[in-house]
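Student: Quick one: sequence and predicted model below, then my questions.
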Amino acid sequence: MAELVDVALPSTMVTAESEKTGLFAPYEIPPGAFDEWIDASGAPRPAVKKAFETLGAMPPSELAHVQLLAERTLLNQGVTFSVYSDNRGTEKIFPFCVLPRVVSAADWEILDRGLCQRVRALGLFLDDVYGPGRIFREGKMPADLVLASKQRNPLFHGVKPCGGVRIHIAGVDLIRDGDGTFRVLEDNLRTPSGVSYVLENRLISKRVLPRMVEEARIQRVDLYPAKLAETLARVSPVDPEKTTSVVLTPGPYNSAYFEHTFLARTMGIELVVPDDLFVDGDCVYVRTTRGPRRVHVIYRRIDEAFLDPEVFRRDSLLGVRGLFRAYKAGNVTIANALGNGVADDKAVYPFVPEMIRFYLSEEPILAQVPTYVCARESDKKYVLEHLEELVVKAVDEAGGYGMLMGPTSTAEEREEFGRRIAAEPRKYIAQPRIELSTCPTWDDAGRRIVSRRVDLRPYILTGPDGPWVLPGGLTRVALREGSYVVNSSQGGGSKDTWVQKP
Amino acid sequence: MISRVADHCFWLGRYLERAEHTARVLHVTTTLSLDAELSPEQTWAPIVIVFGEREPFYKKHGEGAGGDGEVVQAYMTWDEDNWSSVVRSVAAARENARSIRDVVSLEVWEITNELYLYMTAGEGRQQYNDNRWTFYRTVRKACELCLGFTQSTMLHESPLDFIWLGVELERAGQTARNLDVHHHAFTTLPNKHEVVETALWLSLLRSCSGFEPFMKRHRGAVTGRSVASFLLHEPTFPRSVRHAVEKAYDRLSSIRPPEQLHLPGGRSLERLAMLSAYLVEESPVLLGEDRVHDIVTHVVDETTVVGNELAQDLFGYGR
């Protein structure tokens, strides 16, 4: 298991005091937080020195104008996500802050290697879970942890996906603790979203801050769609040259519909809804105006429970009847593969370092967050005794739901969670609260730059030759002062992520 | 091309054309109503009938409402239950465009989206109240701009052909119905006065954007026969029934070439060819006033059947 680290943090107040501060003049970093731009002495970190000087020389009105320009561009182009609250599919803009998050070449080199290592190990773990189960037989991980997972479906056992790849697209959420160490918070191995914002944000940076982009020597991100299209074609059941790939969306009312159209558009492949597809003789076809046409690769942006009513939810009206048969017969590639949920389960997460040692005989490059698994008796006991210090998460919930924030909870809430944990320990994990790093962010109301907490989601594509990491990622920012919540549904926004060239 | 996408393209074209047509007819009628030679009932009631809304309209607003220009305009512009209203057509066009955002160009999407926001977010309502003329003009311009952008910013292949197949079929049906209703109303007017009659025929031409084109073709008396003949048969006038049917045929034959017998869509192509031939045969010289209704009815019936066949054969409704 992961060693437990004491994460009590020193409380110091850092104020940038460089001569050329300008907009940064009163820049305050919360106690214990690592700031992405400014070091403990108040000086800009080497990777942002140029950008810091350029910005520092800007009058507030100019930066306000740049920010306004960026927002207007997003609005006009309809770069939006849908909110489900009403049946008309209201669309909202994902708030964007023009001040970039910069990752130094040295940091990125480690992240790149660490992410590849992690995704390779997770892929091997999935092969093992749906195959021989070596990791359980050799006692490196309790089998019942996976057997009890809601994500595990016995139907998937023994099914080998075309091209041998299961995690074609991964999104790994990283945070940076008080020491500046990157830690994995969560793996997203089913249908990670957000990559369209990475590309759109860069387009906007180039438009509104061209000089800063040029001076910063950053790696490009616009090759992602071509890389993804290639990755998909290379795991096709037929010759990649003769492959028809499609993006499968639930439809225009889905919250990520913009991204689905974006990916189809930029990859130059067709966007389909389940009704466009049908299965005949264990092959998948799309209905066209010239009759049925065979489909070889499906990049699905639909939860697997709604993919095929024949085997998953029989009551579901959604989905493509017979799709699982075609998949099992090896006549269609589905990306990501079915059944990946067992590997990004929160209760399985604490064992990823062990997976890396077991399958790759390597030491994990990336740190993660120490985690108590309530399914284990000793951990459960510790959690129940320390609810006040811990963040408790339900293993099968996402988006910040089903959580107990120990340090800010009431006695009543803790009692309630204590009961739930005792009743169903398998459902819960707990972690100490880790400080998130901060990044300079434009505060429009105050017309100044303030520090706000951020996380980072890089995207990893895996083809038959192994993983590739997009040099960039989605930086989400908690726009409210003091907030740790970066989710777009709860007041979060995004930033462009600048990865420096080596 | 995916059947569902073809369906959305087709209806995007139809709804854009319908929104423009409705706005245009209302626009022209507000001008006509100022000429005071007609009763309000004679001016406004035909509009409701042209759009096939006679029954729901009178049920909703009562017997005398056909003579109230404000009620008719509000019903044809803002009523969400009326599928021919401008707001409903614009919303439907936008919904179709949004469902195929990866297919239509950014420009087409943006204009459709902007028109939708204009109609639903308050600005359009404000303009409708303050300056009716500008309101109708704004809607018409946005629709035409969008259709223009389809031609200038999209690949000239199947999706564009489906959009325009929708436009042409909508156009053929609208011109035919417009002619039918007005022709009937005008020729049965009591106490016909030559000047009034001429003004009415010119107004019908204007409601089809056909006044100037007509004047370029016909010199001399403006009669019911010459106007009906122009709107039905003029091969060079883009909103004549014959022209719209011929262009619909052209669009469908690039989607489904006549010689490719194994592909679906053949019966619609044949039907359009026959309708086209029928319109050529019905020589304008022989066009008796009593024939107008029969011809128009045939056109409306046939285009409806084509629409149903396309849905079955190409848009995937028939599975």
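Tutor: Sure, I can see it.

Student: For chain B, which residues are neighbours of chain A?
Tutor: B:1-6, B:95, B:98-99, B:101-102, B:106, B:109-110, B:113, B:158, B:162, B:255-256, B:263-265, B:314-316, B:319 (CB under 8 Å from any CB of the partner chain). Where C-beta positions appear, they are placed from N, C-alpha and C, glycine not excepted.

Student: Give me the buried subset of the residues you listed.
Tutor: Among these, those that count as buried by neighbour count (16 or more other CB atoms under 10 Å in any protein chain shown) are B:1-6, B:95, B:98-99, B:101-102, B:109-110, B:113, B:158, B:162, B:255-256, B:263-265, B:314-316.

Student: pull the CA atoms of the least confident helix or strand in chain B by mean pLDDT into PDB?
Tutor: Counting by mean pLDDT, DSSP states H and E, the weakest-scoring helix or strand in chain B turns out to be helix B:194-207, with a mean of 80. The C-alpha coordinates for helix B:194-207 follow below in PDB (Å, rounded to 0.1, in the frame of the first residue of the first chain):
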ATOM      1  CA  GLU B 194     -59.200  47.200 -62.300                       C
ATOM      2  CA  VAL B 195     -56.800  49.400 -60.200                       C
ATOM      3  CA  VAL B 196     -57.500  47.400 -57.100                       C
ATOM      4  CA  GLU B 197     -57.000  44.200 -58.900                       C
ATOM      5  CA  THR B 198     -53.700  45.200 -60.400                       C
ATOM      6  CA  ALA B 199     -52.500  46.300 -56.900                       C
ATOM      7  CA  LEU B 200     -53.400  42.900 -55.600                       C
ATOM      8  CA  TRP B 201     -51.600  41.000 -58.200                       C
ATOM      9  CA  LEU B 202     -48.500  43.100 -57.700                       C
ATOM     10  CA  SER B 203     -48.700  42.500 -54.000                       C
ATOM     11  CA  LEU B 204     -48.800  38.700 -54.600                       C
ATOM     12  CA  LEU B 205     -45.800  39.000 -56.800                       C
ATOM     13  CA  ARG B 206     -44.000  41.000 -54.100                       C
ATOM     14  CA  SER B 207     -44.800  38.300 -51.500                       C
END
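
Student: Need the residues that contact it.
Tutor: Helix B:194-207 is contacted by residues B:24-25, B:28-29, B:31-32, B:35, B:37-38, B:178-179, B:182-183, B:186, B:189, B:211, B:214, B:222-224, B:227, B:230-231 when judged by CB atoms under 8 Å, 6 or more residues apart in numbering or on different chains.

Student: Recalculate using a threshold of 7 Å.
Tutor: The contact list for helix B:194-207 (CB atoms under 7 Å, 6 or more residues apart in numbering or on different chains) reads B:24-25, B:28, B:32, B:35, B:37, B:178, B:182, B:186, B:211, B:214, B:222, B:224, B:227.

Student: How far away from the center of its chain is it?
Tutor: How far helix B:194-207 lies from its chain's middle: 19 Å, per CA atoms, centre = their mean, to the nearest Å.

Student: can you check stretch A:123-132 too?
Tutor: Taking the mean of its C-alpha atoms, stretch A:123-132 sits 22 Å from the chain's own mean (CA atoms, centre = their mean).

Student: Identify the bridge partners of residue A:392.
Tutor: residue A:404, residue A:430 (DSSP bridges).

Student: Please look at it and residue A:416 and confirm they touch.
Tutor: No - look at residue A:392 against residue A:416 with CB atoms under 7 Å: they stay out of range, at 10.7 Å.

Student: Name the residue in these two with the higher neighbour count.
Tutor: Higher neighbour count among residue A:392 and residue A:416: residue A:392, with 24 against 13, using other CB atoms under 10 Å in any protein chain shown.

Student: State the distance from that one to residue B:226.
Tutor: Counting by CB to CB, to the nearest Å, the separation of residue A:392 from residue B:226 is 83 Å.

Student: same thing with residue B:316?
Tutor: Counting by CB to CB - residue B:316 and residue B:226 are separated by 44 Å.
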